[in-house]
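>>> Provide a 3D model corresponding to the input given below.
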Amino acid sequence: MKMRSPGRASLLSILTVALTSVPALAAVHVWEKQELTFTSVNSFANPYTDVTVWVDLSGPGFNKRVYGFWDGGRTFRVRLLATAPGTWTWHSGSIPSDSGLTGRHGSFEATAWSEEEKSQNPLRRGFLRPTTNRHALEHADGTPFFAIGDTWYAAGTNRFRWYDDGQERPIGPNAGFKDYVRYRKAQGYNWVNIIAAFPNWMTDGAP
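Just a heads-up that it's a prediction; the model follows:
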C-alpha cells in the first residue's frame, strides 16, 4: 500500500486553512467600525449587480446578516461593528458562490469605552434610537440625545471646498468643509443635514 507523504499532507492542510480563514482583527471597541476586505477569484461582467456578498455576524445578544459592497476590480468589502463587549465571530457568503468570498471566517474581541472616552466623543455611546415614549432620541446606552443641527444641503458641491491640508481658514469665501465643521462644533452643534447627491438643475443644462 502506498503511504501518503506527511509533508504533502501538512502542506494541503495549511493551504486549506489559508483559503477559508482571515486573520483575526485586533481588539476593538464597541460601536467602532470594522472593515473586512475580500477578493473574488472570478471576474464578473457587472460586479455591482451580479454579486451579493455578506457576513453572518454573531456576538453577545446579536446574530444578524450584514451585507457588503463591491469596491472596484475584484474587491468587495463588508463593514460591521460590535454592539456589546465580548467575542464576535463572522462567516462570509456570496451569491453566486466564489471561493474568495464564500466560506471565510474570523473573530475579534470588543471592549467597552471608558466614561472619559465617552465624554470625549458621545457617539461612543452607540447608535441613536427613539425613546420608549417615541417623543425624543437617546443613545443605545440610554443617554439622552438633544439634536442641535444645521442644514448644509450643498455640502457635496464645490461650495464647501475640501482641503487636504490641516490649515484652519476663517469662515468666508475661502473656508472649506472642515472649517465649517470646526465652527459649528465649537458652537455646540451635533447634527448636520446633507443631501448626498445635490441636484444641479441650474447649471447642468437639463430640464
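>>> kindly export the strand with the most length in the chain (C-alpha atoms) in PDB.
Counting by DSSP state E, the longest strand found in the chain is strand 86-95. C-alpha atoms of strand 86-95 as PDB (Å, rounded to 0.1, in the frame of the first residue of the first chain):
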ATOM      1  CA  GLY A  86     -17.200  40.200  24.200                       C
ATOM      2  CA  THR A  87     -16.200  37.800  21.500                       C
ATOM      3  CA  TRP A  88     -17.600  38.300  18.000                       C
ATOM      4  CA  THR A  89     -17.400  35.900  15.100                       C
ATOM      5  CA  TRP A  90     -18.300  36.100  11.400                       C
ATOM      6  CA  HIS A  91     -18.700  33.800   8.400                       C
ATOM      7  CA  SER A  92     -18.900  35.000   4.800                       C
ATOM      8  CA  GLY A  93     -21.100  34.000   1.900                       C
ATOM      9  CA  SER A  94     -21.900  35.200  -1.600                       C
ATOM     10  CA  ILE A  95     -24.300  34.700  -4.500                       C
END
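>>> and that strand, what does it pack against?
With contacts taken as 3 or more CB pairs under 8 Å, 6 or more residues apart in numbering; DSSP states H and E, strand 86-95 sits against strand 34-39, strand 52-59, strand 75-80, strand 105-111. The way it works is simple: take the backbone N, C-alpha and C, and place the C-beta from them, glycine included.
>>> could you identify which of those strands is most buried?
strand 52-59 (a mean of 20; mean count of other CB atoms under 10 Å).
>>> buried ones in the longest strand of the chain?
Within strand 86-95, the residues scored as buried using 16 or more other CB atoms under 10 Å are Trp88, Trp90, Ser92, Gly93, Ser94.
>>> picking up where we left off before, nearest to Tyr183, out of the helices and strands packed on strand 86-95?
Closest approach to Tyr183 among the helices and strands packed on strand 86-95 is made by strand 75-80 (29.3 Å; CB to CB).
>>> name the residues that touch that closest one?
33-40, 47, 51, 53-55, 57, 66-71, 90, 92, 94, 101 (CB atoms under 8 Å, 6 or more residues apart in numbering).
>>> list the neighbouring strands of that strand plus their orientation.
strand 34-39 (antiparallel), strand 69-70 (antiparallel) (DSSP bridges).
>>> name the strands paired with the longest strand of the chain and say parallel or antiparallel.
By DSSP bridges, strand 86-95 pairs with strand 52-59 (antiparallel), strand 105-111 (antiparallel).
>>> mean pLDDT and distance to Phe145 for these - can I get that in a markdown table?
Below are those laid out as a markdown table (pLDDT from 0 to 100; distance: least, CB to CB, whole Å):
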| stretch | mean pLDDT | distance to Phe145 |
| --- | --- | --- |
| strand 52-59 | 98 | 24 |
| strand 105-111 | 95 | 22 |
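>>> need the ones you listed in TSV (columns: distance to Gly166).
Compiled in TSV, the strands paired with strand 86-95 are given as follows (distance: least, CB to CB, whole Å):
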stretch	distance to Gly166
strand 52-59	35
strand 105-111	30
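>>> where do the domain boundaries of this protein fall?
Following automatic domain parsing, one finds the domains of the chain at 22-111, 147-193.
>>> from the ones you listed, which stretch is densest packed?
For these, the largest average neighbour count (mean count of other CB under 10 Å) is found in domain 22-111, namely a mean of 15.
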